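Q: Sharing a model that was predicted from the sequence below.
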Amino acid sequence: MLNASLKQLSAMLAARKISSVELTSEFLKRSRALNPEYNAFITLDERTSLAQAQAADILIGSGRGQPLTGIPIAQKDIFCTKGWLTTCGSKMLSNFISPYDAHVIGRFNAVGAVNIGKTNMDEFAMGSSNETSFYGPVKNPWDTAAVPGGSSGGSACAVAARMAPAATGTDTGGSIRQPAALCGISGLKPTYGLVSRYGMVAFASSLDQGGPMAKSAEDLALMLNVMAGFDARDSTSLEREPEDYTRDLEKPLDGLRIGLPKEYFVKEIDEDVARAVEAAIGQYRKLGAETVEVSLPNTKLSVPVYYVLAPAEASSNLSRFDGVRYGYRAPDYLDLNDMYRKTRAQGFGSEVKRRILIGTYVLSHGYYDAYYIQAQKLRRLMAQDFAEAFKQCDVIMGPTSPTVAFDLGERSSDPVQMYLSDAYTIAVNLAGLPAMSIPVGFGHKNRPVGLHIIGNYFAEAQMLNVAHQYQLESDWHTRMPKE
Amino acid sequence: MQWETVIGLEVHAQLSTESKIFSGASTAFGAAPNAEACAVDLALPGVLPVLNRGAVERAIRFGLAVGAKVNSPSIFARKNYFYPDLPKGYQISQYELPVVEGGHIQLQIVQDGKEQEKIVRLVRAHLEEDAGKSLHEDFHGMSGIDLNRAGTPLLEIVSEPDMRSSVEAVAYAKTLHTLVRWIGICDGNMQEGSFRCDANVSVRLRGSDKLGTRCEIKNLNSFRFLEKAIDYEARRQIEILEDGGSIQQQTRLFDPEKGETRAMRSKEDAQDYRYFPDPDLLPLEISGNWIEEVKKGLPELPQQMRTRLEHDYGLSMYDALLLTADRDISEYYEAVVGKLPSDPKLCANWVMGEVSAYLNNEGRSFDVCPLSPAQLAQLLLRIKDGTISGKIAKDVFRQMWAQADAESISWKNREGVDEGLADRIIDSQGLRQISDSSALENLVYEVLAANPKSVEEFKAGKEKAFNALVGQVMKAARGKANPAQVNEILRKKLTE
């Protein structure tokens, strides 16, 4: 059952072979048992989860069950969840019980899914290793000496360790795909605007996008069916006809054109990663796909551009955490400015402060044109690179991360090295494209390797088809870490 | 030395939408603190702004009314600073691309009987949200925060430094105040802060084309304060310059009790607001169709109406200004003229005179005037056709007022209005002027016979005596004689 797909679980629930209460209890028990070691969850709340499971059982019993009704889902602690502690991995929100539900949470509630807990994450989603969390680092279940990736490291760990059948994540520069790759699961960042950001604590508004994390592409499709959809409360939400993201899963891949950017396959990639990725591409050729070399000439600029734009937006987005209305407030202060200073000095961790400082700097008078405006121009160039590439191919592939999971503490004192772990994923956010990561093998120290699949705008169904066809021919996604 | 004052105004007009500019919370004034602050206004984690179309529509209306360019796209930007009544830590405003650019306001100034016209150019008008309020009293060493006002839509209207005196500045502010109410985008309530002015004031030697260093005076919430603050500030700057000093660029606050401005912060302390486009809001696109639609809904503008009243009705600039002070007056006046098109001036005199005085006295607006325009027009018709004199008419008017509908509903929506009210009062009290010439002649004979002394004086050339005789005839007629007719008959008889 731990390794069952969402479809299988859904069928078991519908056939009343198992109740949602039993299923939820099972995963809760496992999460409770494993969490002290993995630290994947910030909040587990059995009573609330089981109450939701009970309600789901009634729904299923009355024949009104939907594909995810009664299935426990782990929610990244960035999604405001009514009545639940919603910390965003920060001391700043360590006392914040949300009075409202994020759009994504509301969608899961509407179909009767069960919230099994809130997952650990890098503070305010700023990090690639989950080491910046106020609640301590998450461990990689494949090797507890390794990081799980970030910022959605808790969600990735929870799914990889089978503490939850599926989870939500958010991706601003790779925060779904990189931890998915490092933990050997599947994760999808949708086209910007597909999943409402309402109720998702903002890091960099023009880049943030919620998405599903699960064992397989098929599971991701079922999750996306619930998560995607227009929301009038988010002005960047796209008004489109609802889609069934499972519709193309079974299509054969004959004639699929896979673009391989020459800038991706360079010496910076570790050999073990390159080997697994190339093997996966070989498998695609066997499935009838052809590969073409494409070029994304501005790729190398994606990290510097991102580290201007994302901190700029973050410095402003995080201004609301001032100790005035909610969240942490320093216990002692002299006056208003002292209260602000101490609250923010004590409430934010060092990575968050670093980015607020960078963002404040690049938006300052006299620097704005040189940094922010320039970065916006380059951002458009990067989107054009992709547009050019997609004239020659249907999807683009490469490694999700240049390395397998690194050791805890290995990069935490070297921010630039840390930022480079997202070198392949960031450009996708800058362009607003959808992309995913699926497990394609193991590398150094038997740590997982992820394949990065980038699609054109709104090509989620096609990407999921591409991933699913590979997963029909491979079993990487069903492998479980030893406990 | 001859100094010239140079003034530019920034006006914050609160737009009259039901809900806030980026949230669904109500904008109604006077609720309990924070009762009208929703999750978005409180800036809870994860909330997002959604632009209120009604606020944009009002900005377009303004742009069209002042002959400005309505930009598409325009961009919302974040103005970043920390303050407890600014929940997000930034204000959503417009910076580089405002929704309205350019345009102008035409002023008519009547001062000491002199009429003057002037054009004040506008730089721009942009949409933004208001902040909340910090309450420093009642909290014993702490401050209270009321976020009801946070997110209220504002249109900030920025003029060029085209004004040269406090009189011009006040005329501009009043014209703008009339305009925003006229086109229905702002209620103009200055006590509640719906219309607030900041004045940029500098002085320079007359004849110079260089602008002096300016000071900005904040939050002037009455026309009187605006005038006083500008006058004080100009004097202050002139004194400094005449003493050989120089002006520091400052933001200053007007103290109404002392009638002074005092420094709030200088340019050196000016904050870096780190403006950048708000990534939560897409560029604001306004289609040509939308602009056309708004244009169709615009009423005749006060300036157009003033010109029409002067040209078509022969009214003075002063009359035209008063009759277009707000739409309620102008509509009332137009309705009266509609019933009595032959004498717009008589209508104007009565609307601005008796009607206005009675309404003021009761604190009512023209919209809910107890007498309908038709009722008033009938009374005026009776003056015009000689049925009653103007003097009697005032008495009739008083009685009409007392008997008319005192309910506070607009005259436009009233049913079953007694349009014959004036005639009924005139008839029932026998107030009709005696215009039967034989009856008047008899009266004149009687008066002449009873006042031989006056007759003699008149014949000796004293014109005053004539007036006394007229008075006697009127008295004998108990005010109901037609004065012109009495004059004529009397003069005829005396010179016979």
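A: Cool, got the structure. Numbers count the residues shown, from 1 in each chain, chains lettered A, B, ... in the order given.

Q: What residues does the stretch 101-250 of chain B have near chain A?
A: Proximity of the stretch 101-250 of chain B to chain A (Cβ under 8 Å from any Cβ of the partner chain) is limited to residues B:Ser143, B:Ile145. Bear in mind the C-beta positions are built from the backbone N, C-alpha and C, glycine included.

Q: Helices along the stretch 101-250 of chain B, start to end?
A: B:166-182, B:223-242 (DSSP state H, counting those that start in this stretch).

Q: so which of those helices is the most packed in?
A: When the helices of the stretch 101-250 of chain B are scored by mean count of other Cβ atoms under 10 Å in any protein chain shown, the highest mean neighbour count falls to helix B:166-182 (a mean of 22).

Q: Let me have the helices of the stretch 101-250 of chain B in TSV, extended by mean pLDDT and distance to B:Gly188.
A: Below are the helices of the stretch 101-250 of chain B laid out as TSV (pLDDT from 0 to 100; distance: least, Cβ to Cβ, whole Å):
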stretch	mean pLDDT	distance to B:Gly188
helix B:166-182	96	4
helix B:223-242	96	11
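
Q: Can you add distance to B:Ala28 and give the ones you listed back as CSV?
A: Formatted as CSV, the helices of the stretch 101-250 of chain B follow (distance: least, Cβ to Cβ, whole Å):
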stretch, distance to B:Ala28
helix B:166-182, 18
helix B:223-242, 25
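
Q: And the ones you listed: which comes nearest B:Val368?
A: helix B:166-182 (16.0 Å; Cβ to Cβ).

Q: So what touches the closest one?
A: Residues from elsewhere that reach helix B:166-182, judged by Cβ atoms under 8 Å, 6 or more residues apart in numbering or on different chains: B:5, B:7, B:9, B:11, B:13, B:62, B:65-66, B:105-109, B:111, B:118, B:120, B:155, B:157, B:159, B:163, B:186-188, B:195, B:197, B:199, B:223, B:226-228, B:230-231, B:234, B:299, B:301-302, B:324-327.

Q: One more pass at 7 Å, please.
A: B:7, B:9, B:11, B:13, B:62, B:65, B:105, B:107, B:109, B:111, B:118, B:120, B:157, B:159, B:163, B:186-188, B:195, B:197, B:199, B:223, B:226-227, B:230-231, B:301-302, B:325-327 (Cβ atoms under 7 Å, 6 or more residues apart in numbering or on different chains).

Q: Out of those, which end up buried?
A: Burial by neighbour count, judged by 16 or more other Cβ atoms under 10 Å in any protein chain shown, picks out B:7, B:9, B:11, B:13, B:62, B:65, B:105, B:107, B:109, B:118, B:120, B:157, B:159, B:163, B:186-188, B:195, B:197, B:199, B:223, B:226-227, B:230-231, B:301-302, B:325-327 from the contacts of helix B:166-182.

Q: Pick out the residue closest to the middle of chain A.
A: A:Ile176 (2.1 Å; Cα atoms, centre = their mean).

Q: which residues are contacting the host helix or strand of A:Ser49?
A: In this assignment (DSSP states H and E), A:Ser49 forms part of helix A:46-61. Applying Cβ under 7 Å, 6+ apart, the contact partners of helix A:46-61 are A:13-14, A:19-21, A:24-25, A:28, A:65, A:69-70, A:72, A:112, A:114-116.

Q: could you pull out the strands for the stretch 51-200 of chain B?
A: B:69-70, B:76-80, B:90-94, B:100-101, B:104-111, B:114-129, B:133-135, B:144-146, B:153-159, B:195-205 (DSSP state E, counting those that start in this stretch).

Q: can you redo those strands as JSON lines with mean pLDDT?
A: JSON lines is the format used below for the strands of the stretch 51-200 of chain B (pLDDT from 0 to 100):
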{"stretch": "strand B:69-70", "mean pLDDT": "98"}
{"stretch": "strand B:76-80", "mean pLDDT": "98"}
{"stretch": "strand B:90-94", "mean pLDDT": "98"}
{"stretch": "strand B:100-101", "mean pLDDT": "98"}
{"stretch": "strand B:104-111", "mean pLDDT": "91"}
{"stretch": "strand B:114-129", "mean pLDDT": "96"}
{"stretch": "strand B:133-135", "mean pLDDT": "90"}
{"stretch": "strand B:144-146", "mean pLDDT": "94"}
{"stretch": "strand B:153-159", "mean pLDDT": "98"}
{"stretch": "strand B:195-205", "mean pLDDT": "96"}
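
Q: Flag every buried residue along the longest helix out of those in chain A.
A: Counting residues, the longest helix in chain A under DSSP state H turns out to be helix A:20-38. By neighbour count on 16+ other Cβ under 10 Å, the buried set for helix A:20-38 is A:20-25, A:27-28, A:30-31, A:34-35, A:38.

Q: What ranges does chain A have for its strands?
A: A:41-43, A:72-76, A:114-119, A:166-170, A:186-189, A:210-214, A:257-261, A:290-294, A:395-399, A:435-442, A:448-455 (DSSP state E).

Q: just those strands: most buried one?
A: Comparing the strands of chain A by mean count of other Cβ under 10 Å gives strand A:186-189 as most buried, with a mean of 32.

Q: Sheet-wise, list the partners of that strand with their directions.
A: Within its sheet, strand A:186-189 is paired with strand A:210-214 (antiparallel), strand A:435-442 (antiparallel), according to DSSP bridges.

Q: Dump the ones you listed into a markdown table; add distance to B:Pro483 as well.
A: Listed next are those as a markdown table, based on distance: least, Cβ to Cβ, whole Å:
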| stretch | distance to B:Pro483 |
| --- | --- |
| strand A:210-214 | 86 |
| strand A:435-442 | 94 |
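
Q: Turn the ones you listed into a markdown table, including mean pLDDT.
A: Listed next are the strands paired with strand A:186-189 as a markdown table, based on pLDDT from 0 to 100:
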| stretch | mean pLDDT |
| --- | --- |
| strand A:210-214 | 98 |
| strand A:435-442 | 98 |
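
Q: Identify whichever of those lies nearest to A:Tyr340.
A: strand A:210-214 (30.2 Å).

Q: Can you give the contact residues for that closest one?
A: A:6, A:104, A:152, A:155-156, A:159, A:166-171, A:176, A:180, A:185-190, A:195, A:197, A:200, A:220, A:223-224, A:227.

Q: list the contacts for the nearest residue to A:Glu263 once chain neighbours are set aside?
A: Spatially, and ignoring its direct neighbours in sequence, A:Glu263 is nearest to A:Thr299 (4.4 Å; Cβ to Cβ, 6 or more residues apart in numbering or on different chains). Applying Cβ under 7 Å, 6+ apart to A:Thr299 gives the contacts A:Pro261, A:Glu263, A:Ala427.

Q: Quick check: whichever residue of chain B sits closest to chain A vs A:Asp122, distance?
A: Here the residue of chain B nearest chain A is B:Gly89; by Cβ to the nearest Cβ that distance is 2.4 Å. Distance of B:Gly89 to A:Asp122, given as Cβ to Cβ, to the nearest Å: 22 Å.

Q: Those two: which is more packed in?
A: A:Asp122 (32 against 21; other Cβ atoms under 10 Å in any protein chain shown).

Q: Which positions in the stretch 351-483 of chain A make contact with chain B?
A: Residues of the stretch 351-483 of chain A lying near chain B by Cβ under 7 Å from any Cβ of the partner chain: A:Thr360, A:Leu363, A:Ser364, A:His365, A:Tyr372.

Q: for chain A, where's the lowest mean pLDDT among helices and strands?
A: Least confident helix or strand of chain A, by mean pLDDT, DSSP states H and E, is helix A:415-419 with a mean of 82.

Q: what's the spacing between the residue nearest to A:Glu263 and chain B?
A: 23 Å (Cβ to the nearest Cβ, to the nearest Å).
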